[in-house]
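Enquirer: 3D, please:
(chains A and B)
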Amino acid sequence: MRSMISIKKLTKTYAGGFEALKDVSLEIDQGEIFALLGPNGAGKTTLINVVCGIVNASSGEVLIDGSDIVSDYRLTRSKIGLVPQELPSESFETVWNTCCFSRGLFGRPADSKHLERVLKSLSLWDKKDTVSMQLSGGMKRRVLIAKALAHEPEILFLDEPTAGVDVELRQDMWNVVTSLRDQGVTVILTTHYIEEAEQLADRIGVIDHGEIILVEEKAKLMRDMGKKQLVLHLQEPLVDIPSQLSSYDLGLSKDQRDLTYTYDTKRQSTGITALLSDLRTAGIYFNDLQTSQSSLEDIFVDLVNEGR
Amino acid sequence: MNYYAIKAIYRYEMARMFRTAVQSIIAPVLSTSLYFVIFGSAIGSRITEIDGISYGAFIAPGLVMLSIMTESISNSSFAIYFPKFTGTIFEVLSAPVSYGEVLLGYVGAAATKSVIIGSIILATASLFVDIEIAHPLFMIAFLLLICVSFCLFGFILGLWATGWEKLTIVPTLIIMPLTFLGGTFYSISMLPPVWQTISLFNPIVYLISGFRWTFYGNADVGIGLSLGITVGFLIVCLLTVRWIFKTGYRLRS
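Expert: Below you'll find the model as predicted:
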């Protein structure tokens, strides 16, 4: 797979001395959706801003499709589209004019057909003559995406694109993002909605305190780091977990009706068969059971907490 | 060269001017007409000719200067400050454009507006007084030079400003007084010797004097010196903008 973004030993220290990025190295392949997760102030936006040329790096190197973002800034920036976290808008401009402006700014000749396609895909076509200040927050977010796509970028940065938008719009945006990936566009997504990353991403990167603490394929991450739980609904309330079951990772609900067993899917034996046998020996019976797997959010919280 | 970007910025800024035509064009024309009515007609009728030119005709080049200087600063400072204020500047900063292209777009549009306003004011002035232009080519060159220089100055101001107050403080507290004291309404030869000497430290004197020379062939200071000061101011502004873009001062953190 061709490397589309190559970040090597990138650091950024702001004038006040705050170290936003510490020796960050990262490779992102062409055509993948990469979700960059991290708590507030972790360095996600700084990393995006450095790659896009909005913030100057203190040291390190960033290559876009093999070209340096400083010496070949014209080439690299023309390949990138950015949807920022905030909602800045040219309040008095129409949607159509602001998209035309973006396309021209990125060095592309006017192409009404392309802009029409973009606006239609984002359900903005009927708003093309509306000025931005008359649009809702969700619509303004769509306009920002349309502006970022106006010059047909090969890389799209989405910095929390669905913050503050309703469920329907979020689904629309997810469809747009997956459709872009299908067209070969590389998408880098930062989000606070972990289910968004779970739904869309091919790979996940976790950043905290300016350091990349993990980069992994989403499926492998969830398989490797995910925990499973077996919940047994007991026939009779249980006051205490008997001592002969102390070798199992068990928890008892407050109403003493549910017994939860947490197990590791990576181990050869989950211990479920032995547990059920030991429960019978201890005279504990159940009338229902269910299993659940930890979400990406659980994994993310665990990872960030481990690092602190 | 990213011609599409220059065109996009230029067209975008010009569209803003026409969208706000009352503020951009009609207001300066109205205020200049009032200057002519008050200074040219009411007060001017009591003042004798200056260097053989009627007072109304004498102040016309100064009034054009006053308008284009303030309009140039106001247009270009607002053009770059507003995207900084709203946050839309991120798009320009992340675009494949050089600082020269950004300048051509923003300053080119602001200078075009100033030239349009200057021309309208000149046409308005000709309704009140008889205006002769002794050196039309020099007049156009001076007009363009001053429009571009002050648009560059306004651009620097817009980049430097961190609030609306700072944006207005320089034109109101520095440029406007210097322009009024720079011979807009009088010839500095009418001042006592000590004030004549002090006036020569005011750079605006050279700009107004040079522009007035293109109309009537008379000037408070030599045309060569006026031209030199104007070109020098342009170069200082260009170098400052170049430094701002190279270092990212108040643009890129």
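
Enquirer: near chain A, which residues of the stretch 51-200 of chain B?
Expert: Taking C-beta under 8 Å from any C-beta of the partner chain, the part of the stretch 51-200 of chain B that reaches chain A is made up of B:86-88, B:90-98. C-beta: built from backbone N, CA, C; applies to glycine.

Enquirer: kindly indicate which of those lies nearest chain A.
Expert: Nearest to chain A among those is B:Gly87, at 3.2 Å by C-beta to the nearest C-beta.

Enquirer: give me the buried positions along stretch B:122-135.
Expert: In terms of neighbour count (16 or more other C-beta atoms under 10 Å in any protein chain shown), stretch B:122-135 has its buried residues at B:122, B:124-125, B:128-129, B:131.

Enquirer: whoops, I mixed them up, stretch B:12-20
Expert: Applying 16+ other C-beta under 10 Å to stretch B:12-20 flags B:12-14, B:16-17 as buried.

Enquirer: next: stretch A:163-183.
Expert: Buried residues in stretch A:163-183, counted by 16+ other C-beta under 10 Å: A:163, A:165, A:169-170, A:172-173, A:176-177, A:180-181.

Enquirer: could you do stretch B:213-222 as well?
Expert: Using 16+ other C-beta under 10 Å as the test for burial, stretch B:213-222 gives B:213-216, B:218-221.

Enquirer: residue 141 is in what secondary structure piece?
Expert: Unless you meant another one, I'm taking chain A. Element membership of A:Arg141 [criterion: DSSP states H and E] is helix A:137-149.

Enquirer: that's the wrong chain, I meant chain B
Expert: Applying DSSP H and E as the criterion places B:Ala141 in helix B:136-160.

Enquirer: how about A:Glu27?
Expert: Using DSSP H and E, A:Glu27 falls within strand A:19-29.

Enquirer: same deal with A:Gln229?
Expert: Following DSSP H and E, one finds A:Gln229 within strand A:227-234.

Enquirer: going by contacts, tell me the helices and strands next to that strand.
Expert: If you count contacts as 3 or more C-beta pairs under 8 Å, 6 or more residues apart in numbering or on different chains; DSSP states H and E, strand A:227-234 packs onto strand A:258-264, helix A:272-281, strand A:286-293.

Enquirer: tell me which of those sits nearest to chain B.
Expert: Using C-beta to the nearest C-beta as the measure, strand A:286-293 is the one of these that comes nearest chain B, at 39.3 Å.

Enquirer: how about the closest one: buried residues?
Expert: Result for strand A:286-293 [16+ other C-beta under 10 Å]: buried residues A:Phe286.

Enquirer: could you report the neighbour count for whichever residue of the stretch 101-250 of chain B sits closest to chain A?
Expert: Relative to chain A, the nearest point of the stretch 101-250 of chain B is B:Gly248 (5.7 Å; C-beta to the nearest C-beta). B:Gly248 is flanked by 13 other residues according to other C-beta atoms under 10 Å in any protein chain shown.

Enquirer: now the closest residue to it other than its chain neighbours: phi and psi?
Expert: Nearest residue to B:Gly248, sequence neighbours excluded (C-beta to C-beta, 6 or more residues apart in numbering or on different chains): A:Asn56, at 5.7 Å. A:Asn56 adopts backbone torsions of phi -80, psi 130, taken as degrees, to the nearest 10.

Enquirer: now do the contacts for A:Asn56.
Expert: A:50, B:248, B:252-253 (C-beta atoms under 8 Å, 6 or more residues apart in numbering or on different chains).

Enquirer: quick check: B:Gly228 vs B:Val170, distance?
Expert: Counting by C-beta to C-beta, to the nearest Å, the gap from B:Gly228 to B:Val170 is 24 Å.

Enquirer: so between the two, which is more surrounded?
Expert: Shown here are B:Gly228 and B:Val170; by other C-beta under 10 Å, B:Val170 has more neighbours (18 against 13).
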